[in-house]
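# Sharing a sequence plus its predicted fold:
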Amino acid sequence: MVVLRDGMCPGLSEELVVALRAADITTVEDLVSSDTEDLAQKCSVSYKALLAIRRVLLAQHTAFPVSGADLYEDLLSSTAILSTGNPSLDKLLDSGLYTGELTELAGGPGSGKTQVCFGVAVNISYQLKQSVIYVDSTGGLSASRLLQMLQAKSCNIEEQMEALQRIQVFPVFDIFSLLGCLHHFRCVGLQQASAGGGSVKAVIVDSVSAVISPILGGKQNEGMSMMMQVAGLLKTIAKDFNVAVLVTNTVTRDGNGQLKAGMGQTWSHVPRIRILLQRLERPGSTCSSVRTATLAKSSRQPCHLKEEFDLQCWGRSEEQLYGMSGKRKLENTEPS
Amino acid sequence: MQRDVSSYAIAPSVKVKLLNAGFLSAADLCDLRPLQLSKEACISQEEAVEVLQAVRCEPGQERAAAGRLTALELLGREQELGTIVTFCSALDMALGGGMPVGKTTEVCGAPGVGKTQLCIQLSVDVQIPACFGGLGGKSLYIDTEGSFLVQRAVDLAQAAVEHCGLLAEDSEQQEALKVFTVETILSNLFLVRCHDYVELLAETYLLADFLAQHPGVRLVVIDSIAFSFRHDFEDLSQRTRLLNGLAQRLIQMATNHNVAVILTNQMTTKVWSGQSKLVPALGESWGHAATQRLILHWEGTHRLASLYKSPSQREATVPYQITGQGFRDAPPSDQPKASDDPSVRQSGSLSKRPRTEEDQSTRT
């Protein structure tokens, strides 16, 4: 529903807009769906002029169909698969994150969603030398942890700094800032938004549920609509700019006590791929970094595939670099 | 590609009127005057002015891009911000130097394990002058349980001043010591007492103004969040929404004003399939709210702190103890006999008996 304004197209003058409004035609839809001959008589305008205006408005506001063959060609030439840096996760995802798609990581607190996001960002920025946009809504982004992961991959400080510069961070803490940020990406394009050099290949939003859960439910009636606006913007960004979008979400338990992703039924249809992360309940060790990933929704693989992986794999090569002398002390006191 | 009117921060009733009048995107509103808009959409003039301000095309987009940084710049900023020591060196090492500034940390624990002691210790430690390795900042203590005791804060402050006095070597540190006294420590500790959840929520809304007026504040402690939200709340989903909104406001404040936010939480028992376990209260979704989570628990008669969730540190469990001088490292000879030594006597353990593993198993 677009309101008619003068200057929208040649021939649509102020007087014509006023005359149309007197005849109860306020939007483009009204104009296009009404009888042109009748309208021309009511507003005392030539039939041809009104027909020309109608044609121009239709051309401006219609969606154009694309043939399936063209779409397939397009997809083959533009889709890329981005490895996550962890072979078990790649196996679950059918070799990695696909551009043009929305992938979701769901898990409870401390299950490793943010760590996986870090690993993906570091892998794309260091290994693939492409830019990453990281939208952080929980304050969980720790640049020192990104540096640790990079230090495990390379000892060259130049390369580490370059890789860090390719990760752009946008802190947003409420739904309106998130919508503004996503809309900004859509309008100016990701290249300009990132200004980092290299093309942007992934947009990571950690986490979507933190900004949406305060407005969902209760007597509020706007929550669902804002959630779907976010979904629409993320999907458009993924499609138009050929990037892989990775979002994180919480989990809840359904009637049978099974884990499922948060934010309700409506959101559950939004991502193309969904992975559930869980801690491994091993009776011996209490502080373990092993997690299980279950494929909950996928358009390419059979569901309920499970893989185990270690959160330390992104920072593995140099154990000493994992920070603190305290860690070394604990290692020494372990009976060997 | 214009932004929908419904995605702006405008009151829902005004949005409905705008949509009914046919204004669907920002482009429709851009070139209107407030008087015109109020006539066409049947809203008051003040509302029309607010709508036009919210929708003004340029600043909206720049605001979204204003906060952005590269990870490299963020690294520099994190290193500048520093951490708040807890005086327990094992815990400081597990946390990567201490409590991080600019993030929210949640401290959970059973009654009597030392959450309030840790909070009071941090309120004193944040004021250690920069030349001794501290932050030299002020602190705000929001107390909902009434467990803040000024006498205890005085004890801890005296111990901290003595500790720094022993360390002082050069003239700069001697100068700083003259200002770092028990009186100044107490005068830089702002205390707010909230009696129910409404007061607590109101206080968090006012926090932004308070932090703007007192830019030296580096620590905000809320002791405890759980207390006001666990009583008298019938609608649990409303509680979850309020808590999530609160968590987002706190992390926004922590990032914008460079303060460390410490939240205290209580423990509850979760029973499932014949087992029971102590888990942090306020539900599973609250577990996502804080950036870091520290769980304090008993192991026999020893106190342990576990780092359960952190974006940058590895999970670890370290022992600690509470002495007359405050939060300290556990003695290296970690035996049950250590509790006979009167100087190591754990304060507050008379009325709050530690829950042991045997108790839990006999109960279930």
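Okay, I see it. Since this is a predicted model, take the numbers as computed values, not measurements.
# Correct me if wrong, but B:Ser237 is in a helix.
Yes: the assignment for B:Ser237 (DSSP: H, G, I helix; E, B strand; the rest coil) places it in a helix.
# Skipping adjacent residues, who's closest to it in space?
A:Gly217 (5.4 Å; CB to CB, 6 or more residues apart in numbering or on different chains). For the C-beta atoms, the positions are set from N, CA and C on the backbone; glycine is no exception.
# list the contacts for that neighbour?
Neighbouring residues of A:Gly217 by CB atoms under 8 Å, 6 or more residues apart in numbering or on different chains: A:223, B:237, B:241.
# and what of A:Ile124?
The contact partners of A:Ile124, taken as CB under 8 Å, 6+ apart, are A:82, A:130, A:132, A:201-202.
# Burial check on the nearest residue to A:Glu222 once chain neighbours are set aside, number of neighbours?
Using CB to CB, 6+ apart and skipping residues adjacent in sequence, the residue nearest A:Glu222 is B:Pro12, 5.6 Å away. A total of 10 residues lie near B:Pro12 under the criterion other CB atoms under 10 Å in any protein chain shown.
# pLDDT wise, what is B:Pro12 at?
You'll see B:Pro12 listed with a pLDDT of 81.
# Is B:Asn89 in contact with B:Pro332, as I believe?
Actually, residue B:89 is Ser. It isn't Asn. No: with contact defined as CB atoms under 8 Å, B:Ser89 does not reach B:Pro332; the gap is 11.4 Å.
# Which of those two has more residues huddled nearby?
When B:Ser89 is set against B:Pro332 and neighbours are counted by other CB under 10 Å, the residue ahead is B:Ser89, at 14 against 7.
# From chain A, how far out is the more buried one?
Taking CB to the nearest CB, to the nearest Å as the measure, B:Ser89 falls 8 Å from chain A.
# name the element B:Gln36 belongs to?
Element membership of B:Gln36 [criterion: DSSP states H and E] is helix B:34-41.
# where along chain A do the strands fall?
With DSSP state E as the criterion, chain A has strands at A:81-82, A:97-98, A:102-107, A:131-136, A:167-171, A:200-206, A:244-249, A:251-253, A:259-261, A:273-279, A:290-297, A:306-310.
# could I get those strands as CSV with mean neighbour count, mean pLDDT and distance to chain B?
Compiled in CSV, the strands of chain A are given as follows (neighbours: other CB atoms under 10 Å in any protein chain shown; pLDDT from 0 to 100; distance: least, CB to the nearest CB, whole Å):
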stretch, mean neighbour count, mean pLDDT, distance to chain B
strand A:81-82, 18, 92, 18
strand A:97-98, 24, 92, 19
strand A:102-107, 26, 94, 9
strand A:131-136, 26, 92, 8
strand A:167-171, 24, 91, 4
strand A:200-206, 26, 92, 10
strand A:244-249, 26, 94, 9
strand A:251-253, 17, 87, 7
strand A:259-261, 18, 87, 10
strand A:273-279, 21, 92, 10
strand A:290-297, 19, 90, 11
strand A:306-310, 15, 87, 12
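# I'd like those strands written out as TSV, with distance to B:Val179 added.
Putting those into TSV (distance: least, CB to CB, whole Å) gives the following:
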stretch	distance to B:Val179
strand A:81-82	54
strand A:97-98	54
strand A:102-107	48
strand A:131-136	37
strand A:167-171	35
strand A:200-206	42
strand A:244-249	45
strand A:251-253	50
strand A:259-261	53
strand A:273-279	47
strand A:290-297	49
strand A:306-310	49
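# Give me the buried positions along the helix holding B:Gln36.
Going by neighbour count (16 or more other CB atoms under 10 Å in any protein chain shown), the buried part of helix B:34-41 is B:34, B:37-38, B:40-41.
# Could you work out the most separated pair of the contacts of A:Ile124?
Across those, the longest distance by CB to CB is 9.6 Å; it joins A:Leu82 and A:Val132.
# Do stretch A:19-30 and chain B come into contact?
Yes: contact check for stretch A:19-30 against chain B, using CB under 8 Å from any CB of the partner chain: residues in range are A:26-27.
# what's the average pLDDT for that stretch?
Mean per-residue pLDDT for stretch A:19-30: 81.
# Other residues contacting that stretch?
Contacts made with stretch A:19-30 from outside it, assessed by CB under 8 Å, 6+ apart, are listed as A:1-4, A:31, A:34, A:39, A:42-45, A:57, A:61, B:22.
# buried ones in it?
Within stretch A:19-30, the residues that qualify as buried are A:19-20, A:25-28, A:30, counting by 16+ other CB under 10 Å.
# From these, which land in helices?
In this view, these that belong to helices under DSSP state H are A:19-20, A:28, A:30.
# just to revisit the earlier point, include distance to B:Thr301 and pLDDT when you put the buried residues of helix B:34-41 into a markdown table, please.
What follows is the buried residues of helix B:34-41, written out as a markdown table (distance: CB to CB, whole Å; pLDDT from 0 to 100):
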| residue | distance to B:Thr301 | pLDDT |
| --- | --- | --- |
| B:Pro34 | 70 | 82 |
| B:Leu37 | 70 | 83 |
| B:Ser38 | 70 | 82 |
| B:Glu40 | 74 | 81 |
| B:Ala41 | 69 | 81 |
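# Considering the residues you listed, which is situated nearest to chain A?
Top of the list for closeness to chain A, among these and by CB to the nearest CB, is B:Glu40 at 9.4 Å.
# check contacts around the residue nearest the centre of chain A.
Against the mean C-alpha coordinate of chain A, by CA atoms, centre = their mean, the closest residue is A:Val245 at 3.8 Å. For A:Val245, the contacting residues are A:101-103, A:202-205, A:234-235, A:237-238, taking CB under 8 Å, 6+ apart as the criterion.
# Now with 10 Å, please.
The contact partners of A:Val245, by CB atoms under 10 Å, 6 or more residues apart in numbering or on different chains, come to A:97, A:99-104, A:133, A:135, A:202-205, A:233-235, A:237-239, A:271-272.
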